[in-house]
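Visitor: coordinates for the following, if possible.
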Amino acid sequence: MYHPRKNDQGKPVTLNKPSTPSDLATWQDPGAVACVIPDGAMPESVNGTPILSWQAPATTTEWEALAAAMPLAEPEFVAPGGLQRAAGVVVREPDGRVWVVAPSNAFGGYEATFPKGRLDGRSAKAAALVEVFEECGLRVRLTGHLLDVVRSTTYTRYYTGERLGGNPADMGWESQAVLLVPMAALAKVAHHVNDVPIIRALD
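Guide: Prediction:
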């Protein structure tokens, strides 16, 4: 099975073990893990916020302008030991569930994790907004600084955020599914050791 989106080199992405979407009813059940695959079916809204595809910014300048409109108090972001810097965002719903992604073919050993990516010349806030859109299809507002943490190859800043719109079925090629997970199940779904500090920070 191929991902409907091609990778950054314009090549098709084979999904070795495609994810299985959940029933649409799970999106309205705060105690259920909901899952959508690329271009999969979604309800009209979740927790009162519409599920609508978002025309995201097209340039780094536009992403930076969007990030600048979300002022936050945050510490200096200096990576130790020459690690590359990255940024991500943990998005929580009003029903208490948290958005996570299933990287295509469990890239990096992650069956599920939080959206994040390297800064690549962007500010941390702009990078976080880009990554949650590219990996989750979501438009979010950053609400705070959660923590900075060493991961496999990066030093990553995580923000908290709230969903304003978007459609998780629009996920890019790096994700083979997007999930909405109750806090009680989060440690079992996003069970990579690198995600433990993030989940603890949410308590």
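Visitor: how many neighbours does residue 44 have?
Guide: 8 (other CB atoms under 10 Å). The C-beta positions use only the backbone N, C-alpha and C, and glycine is treated the same way.
Visitor: close enough to count as contact, it and residue 28?
Guide: No. Here residue 44 lies out of contact with residue 28, judged by CB atoms under 8 Å, at a distance of 10.8 Å.
Visitor: shared neighbours of the two, which are they?
Guide: Shared contacts of residue 44 and residue 28, defined by CB atoms under 8 Å, 6 or more residues apart in numbering, are absent.
Visitor: would you map the strands across the chain?
Guide: Along the chain, counting by DSSP state E, strands occupy 34-36, 45-46, 49-50, 84-91, 98-103, 116-118, 138-150, 154-166, 175-181.
Visitor: which one of the ones you listed lies nearest to residue 197?
Guide: Nearest to residue 197, of all those, is strand 138-150, at 5.0 Å by CB to CB.
Visitor: other residues contacting the closest one?
Guide: 54, 56, 67, 70, 72-75, 77, 80, 83, 89-91, 99, 125, 128-129, 132-133, 155-166, 168, 194, 197-198, 201-202.
Visitor: show the contacting residues for the residue most central in space within the chain.
Guide: Centroid-nearest residue in the chain: residue 115, 2.9 Å away (criterion: CA atoms, centre = their mean). Going by CB under 8 Å, 6+ apart, residue 115 touches 88-89, 99-101, 131-132, 134-136.
Visitor: report the two of these separated the most.
Guide: Between all members of those, the farthest pair (by CB to CB) comes out as 100 and 134, at 14.6 Å.
Visitor: neighbour count: the two, which is higher?
Guide: Set residue 100 next to residue 134 and count neighbours by other CB under 10 Å: residue 100 wins out with 27 against 20.
Visitor: what residues are up against the more buried one?
Guide: 112-115, 178-179, 181, 186, 189-190.
Visitor: again with residue 94
Guide: Counting by CB under 8 Å, 6+ apart, residue 94 has contacts 47-48.
Visitor: sweet, I'm off.
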